[in-house]
Structures are given as structure tokens and as C-alpha cells.
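Asker: the following block contains a protein sequence and its predicted model.
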Amino acid sequence: MHALLDLLVPPRCAVCRLAGPLLCAACLSELPLLDGSTCARCGLPAERPVDDCASCRGRRVGFESAAAALLFEGAARDLVHAFKNGGLRGLAVPAAALMALVVGRPAVDVVTWVPADPLREAMRGYHPARLLAEQLALRWDVPSRPLLRAPLWRRPQRGLTRAQRRANVRKAFTAPVAVEGRVGLVDDVHTTGATLTAAALELRRAGAGAVVAATLARAEHA
Ligand SMILES: [Zn+2]
Ligand SMILES: [Zn+2]
């Protein structure tokens with residue numbers, strides 16, 4: 001359906017809707033890049049590079065570090081929305097290019113992604129986090145593997161409190177086979193980190209030495 005529409009409708013920018021490339025130069029320059037100092041542990045912007053911050057200190061996270069390409073606001077929010085809900089799977093290419101540029105290549109042996117509920121993925125026709133992971137794996141020259149499984153349906157995290165999010169994703173994921181080495185865990189948006197933590201803890205239970213999280217965007221206020 002979307003492939004057919006692509007043939008019939010002239011290409012235009014996913015953010016400003018002007019005819020032209022999927023992400024135009026003007027919108028690209030408006031994206032709030034997270035290329036300054038950040039907290040190495042949770043990926044939030046910081047005044048100087050720090051190992052942890054007031055937001056993540058004392059909180060259990062399953063990943064060793066987290067980094068994102070964009071702050072989840074303004075044009076970045078529109079970009080993520082178009083990618084996740086607008087059927088624009090082609091945005092995976094510029095989005096992963098931004099991640100590769102801003103996040104840099106982490107020391108990982110394999111890349112995987114936070115899995116979608118199979119029902120949601122079937123309705124959407126693609127899974128944004130998987131497309132990002134596969135693009136990044138190419139750029140980082142490491143394999144990408146589906147290491148995690150999700151239940152058929154799970155309540156969306158959006159609109160839940162931090163405690164509700166934690167409960168909603170606790171034991172949400174299973175790693176059906178043993179995992180080795182350091183794993184890059186990819187998702188579209190890092191909000192409270194509850195989803196990334198649940199996925200990372202399961203990867204570590206299955207044998208991963210460490211989990212490094214990389215997301216397209218980081219929400220500053222959960
Ligand atoms: Zn644009
Ligand atoms: Zn932090």
C-alpha cells in the first residue's frame with residue numbers, strides 16, 4: 001500500500017511536507033542534535049560530560065550506557081512521528097545516518113532492537129527500531145540479530161507514569177537463545193528507560209556481557 005503510494009505521490013519532506021527529499025536540508029538543520037555534553041549513563045544533555053546525573057543516579061538501569069542522536073522535541077518529534085506512525089519506513093536511512101554520526105560506533109559485537117508487539121508490527125508493516133538497528137549494523141560493520149521476543153500485545157507505554165511503565169514492561173521480553181558478547185540495543189525513543197532496561201536485563205540474563213543503548217531520540221522530561 002505505502003510502496004504504491006510512493007509511486008503515485010511525489011516525494012516530500014516528512015517534517016515540513018515540501019516537495020523534495022524525505023528529509024529536506026532546512027528541516028535537517030533544525031533538528032536538535034545531541035552532539036554536546038551528555039550523561040554517559042542515561043544520555044541526557046549535561047553541562048559537561050558526566051558518568052551519571054541527577055536523573056539517573058541511584059536508579060537501576062539494565063544498560064551500561066545510553067546515547068541518542070536527537071533531543072525529542074520540535075522537528076525531531078515530527079520526524080519520529082512520521083517514521084513511527086506515518087508509514088515512512090524510508091526515514092530509517094537518514095535517521096540511522098544521524099545516529100551513526102552523533103552517537104559514534106560503540107564497542108559492540110552484535111546489534112539488536114527492542115522488539116515490537118507482533119500485532120502492532122503486522123499492522124504497521126514494518127518495525128522502526130528494527131530498521132534502525134539493521135541500518136546501524138551495516139554502518140558499524142557488526143551483525144544484527146533478533147535476540148528478543150515480545151508478547152503478542154502489550155499496552156503502549158505512552159501516557160503511563162514511570163512506575164506503570166516499569167510494571168508494564170517487566171518480563172515483557174524474552175531472549176529465546178543464549179547471547180554472547182557486548183550487545184548494541186536500538187530503539188526509536190528513550191523516554192524513562194523502562195523499556196530499554198527491561199530489554200537489557202533480559203539480554204544480560206541470556207548471557208550478554210554488557211548492553212549499550214542507542215536511540216534516535218531522547219526525551220528530556222519523562
Ligand atoms: Zn522539510
Ligand atoms: Zn544520567
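Answerer: Structure's in. What do you need? Ligands and ions are numbered 1, 2, ... in the order given.

Asker: grab the nearest non-local neighbour of the residue sitting nearest the centre point of the chain.
Answerer: Note on the chain: the residue nearest the mean C-alpha position is residue 187, at 2.1 Å, using C-alpha atoms, centre = their mean. In space, residue 187 comes closest to residue 114 once its chain neighbours are excluded; the distance is 4.2 Å by C-beta to C-beta, 6 or more residues apart in numbering. Using the backbone N, CA and C atoms, a C-beta is placed for each residue, glycine as well.

Asker: who are the neighbours in contact with that neighbour?
Answerer: 129, 148, 173, 185-187, 195-196, 199 (C-beta atoms under 8 Å, 6 or more residues apart in numbering).

Asker: could those go into TSV alongside secondary structure and distance to residue 216?
Answerer: Listed next are those as TSV, based on DSSP: H, G, I helix; E, B strand; the rest coil; distance: C-beta to C-beta, whole Å:
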residue	secondary structure	distance to residue 216
129	helix	9
148	coil	18
173	coil	19
185	strand	13
186	strand	8
187	strand	8
195	helix	14
196	helix	13
199	helix	16
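
Asker: for ligand 2, tell me which of those residues show up nearby.
Answerer: Among the contacts of residue 114, proximity to ligand 2 is found for none (C-beta under 5 Å from the ion).

Asker: ok, which pair from those residues is furthest apart?
Answerer: Across these, no pair lies farther apart than 173 and 186, at 13.8 Å, counting by C-beta to C-beta.

Asker: have a look at the two and say which one is more surrounded.
Answerer: Using other C-beta atoms under 10 Å as the criterion, residue 173 and residue 186 rank with residue 186 on top: 30 against 23.

Asker: from ligand 2, how far out is that one?
Answerer: 19 Å (C-beta to the ion, to the nearest Å).

Asker: surely that residue and residue 139 touch.
Answerer: No: using C-beta atoms under 8 Å as the test, residue 186 is too far from residue 139 to be in contact (11.7 Å).

Asker: state the distance from residue 91 to ligand 1.
Answerer: Where ligand 1 is concerned, residue 91 sits at a distance of 12 Å (C-beta to the ion).

Asker: where does that residue land in three-state SS?
Answerer: At residue 91 the chain is in helix, as set by DSSP: H, G, I helix; E, B strand; the rest coil.

Asker: thank you, goodbye.
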